[in-house]
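K.L.:
Fold the following for me, if possible:
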Amino acid sequence: MKLTREDIAHIATLSRLSFDDKELDKFTKQMGEIIDMANQLQAVDTEGVPATTQVVDRDTVFREDQPEKWQTRSEMMQNVPDSSNGFIKVPVIIDKDDND
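P.N.:
Alright, predicted model coming up:
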């Protein structure tokens, strides 16, 4: 599969990203190299090779989950850039009128 500049521009639009011509050329080349590498990996014969689920011979070490320090709500709200009625306000990232 060959990715074109138009493919990358379309993906950028869907991701709500904007790139100039130089960046589009750079990302088109990089994504093409990534796709080529994935195709090379698919060509490797893995018949008879057991699946690898863990590459390190050690057990996962768990610690007891205990809070170290709790802040009060008022202390926490002092650190937020914008709030309303006791809630943290964040910027809108989805346009409700977007019909794409």
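K.L.:
buried sites along whichever strand or helix holds Met37?
P.N.:
Assigned by DSSP states H and E, Met37 belongs to helix 21-42. Neighbour-count burial for helix 21-42 flags Leu24, Phe27, Thr28, Gly32 (criterion: 16 or more other CB atoms under 10 Å). Using the backbone N, CA and C atoms, a C-beta is placed for each residue, glycine as well.
K.L.:
tell me which of these is nearest to Gln66?
P.N.:
Nearest to Gln66 among the buried residues of helix 21-42 is Phe27, at 44.3 Å by CB to CB.
K.L.:
so what's the closest one up against?
P.N.:
Neighbouring residues of Phe27 by CB atoms under 8 Å, 6 or more residues apart in numbering: Ile8, Ala12, Phe19.
K.L.:
Check those against Phe87 and report the nearest one.
P.N.:
Looking across the contacts of Phe27 and measuring by CB to CB, the closest to Phe87 is Ala12, at 32.2 Å.
K.L.:
quick one, phi/psi of the closest residue to that closest one other than its chain neighbours?
P.N.:
Closest residue to Ala12 apart from its sequence neighbours, by CB to CB, 6 or more residues apart in numbering: Phe19 at 5.5 Å. Per-residue torsions, Phe19: phi -130, psi 150 (degrees, to the nearest 10).
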